[in-house]
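Enquirer: missing the sequence, but the structure's below:
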């Protein structure tokens, strides 16, 4: 007798589970009820220039293209009135006097 009760319980549980899956499947179908291409989300743009004007501007931009970013060139070296040895001596003097931070103090 207990076997038939267990079978009935299993059948009831499987029916409930199947019904839950059916409801879930139906809910996902409702959630996706939308246009396939999503065209309502596209920004509408109406230009005032003609296609020929835009094409001419593109041709001019390609003709005058410069791959170097603005300001990327190194400036020419400026002439100095101080010798290299004098600059090295000044730097050594500043380091000895603690005017130039070094090590962890430089952070």
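Expert: Sure thing, it's come through. All figures in this text were calculated on a predicted structure; none of them were measured in a lab. Residues are numbered from 1 along each chain as shown.

Enquirer: Let me see the contact set for residue 66.
Expert: Contact criterion C-beta atoms under 8 Å, 6 or more residues apart in numbering gives no residues in contact with residue 66. Glycine gets a C-beta too; all of them are placed from N, C-alpha and C.

Enquirer: any idea of the pLDDT on it?
Expert: Listed pLDDT for residue 66 reads 83.

Enquirer: Using the three-state scheme, assign residue 100.
Expert: Per DSSP: H, G, I helix; E, B strand; the rest coil, the secondary structure class of residue 100 is coil.

Enquirer: Quick check: it touching residue 91?
Expert: Yes: with contact defined as C-beta atoms under 8 Å, residue 100 and residue 91 form a contacting pair (7.2 Å).

Enquirer: After the helix or strand bottoming out on mean pLDDT in the chain, heading C-terminal, what element do we hit next?
Expert: Among the helical and strand segments of the chain, the one scoring lowest on mean pLDDT, DSSP states H and E is helix 2-31, with a mean of 71. Using DSSP states H and E, the next helix or strand after helix 2-31 towards the C-terminus is helix 51-63.

Enquirer: so for that following helix, what's the average pLDDT?
Expert: The pLDDT scores in helix 51-63 average 93.

Enquirer: same deal with stretch 97-107?
Expert: The pLDDT scores in stretch 97-107 average 77.

Enquirer: Excluding its own residues, what touches that stretch? List them.
Expert: Looking at stretch 97-107 with C-beta under 8 Å, 6+ apart, the contacting residues turn out to be 91, 94-95.

Enquirer: In helices, which of those appear?
Expert: The helices, defined by DSSP state H, take in 91, 94-95 from the contacts of stretch 97-107.
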